[in-house]
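>>> Here's a sequence, model it:
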Amino acid sequence: MKKYVILLFLGIWGVALQAQDKKAEINFETDVIDYGEIAHGADGLREFKFTNTGSAPLIISKAYSTCGCTVPTPPKDPIMPGDSGVIKVKYNTKLAGGPIRKTITVYTNASSEPHTLKIKGTLLPEKGAMEKEQSGPINQ
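As a prediction, this is how the structure comes out:
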């Protein structure tokens, strides 16, 4: 009888240890997307592609940006082991021209630490903006 109890205990303990080993892992193709020079009003949508290389479903609980001009949209459903997904990022290209440097913070069940993604580039000024600036009473 003792042997059966010991075997049962070892079996349950082994299953519990194996269950603890299952963990999601997120691997991005790239952590940085370079828009390069992007025209004013152009499509600011880009995608960060990733794969769940772990052994448990990956859940993205939250993704946010450093400002309202950059809006990340993570997948709502869990990503199963071996499957891929995307986090869409929409940058507002109707702002004034200049450098783009934004950070997206992503929280998942793969780690207690957030993963950071970055976008960069240069937003070109609106066509005709230079003429508008120079058409004041002093420049006529």
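
>>> Can I take it that Gly68 is in a strand?
No: checked against DSSP: H, G, I helix; E, B strand; the rest coil, Gly68 lies outside a strand; its state is coil.

>>> Number of residues surrounding it?
Counted with other C-beta atoms under 10 Å, residues neighbouring Gly68 total 7. Yep, even glycine has a C-beta here, placed from its N, CA and C like the rest.

>>> Identify the residues contacting it.
By C-beta atoms under 8 Å, 6 or more residues apart in numbering, the contact list for Gly68 is empty.

>>> Give me the contacts around the lengthiest strand in the chain.
Determined from DSSP state E, the single longest strand within the chain is strand 98-108. Strand 98-108 is contacted by residues 24, 26, 35, 38, 48, 58-67, 69-70, 72, 74, 87, 89, 91, 114-123 when judged by C-beta under 8 Å, 6+ apart.

>>> Among those, name the buried ones.
24, 26, 35, 38, 48, 58-60, 63, 65, 69-70, 72, 74, 87, 89, 91, 115, 117-119, 121, 123 (16 or more other C-beta atoms under 10 Å).

>>> Go through these and flag which are in helices.
When the buried ones among the contacts of strand 98-108 are checked against helices (DSSP state H), there are no matches.

>>> so of those, which ones are in strands?
26, 35, 38, 48, 60, 63, 65, 70, 72, 87, 89, 91, 115, 117-119, 121, 123.

>>> Quick check: Lys23 touching Ala56?
Yes: with contacts counted by C-beta atoms under 8 Å, Lys23 reaches Ala56, the gap being 5.5 Å.
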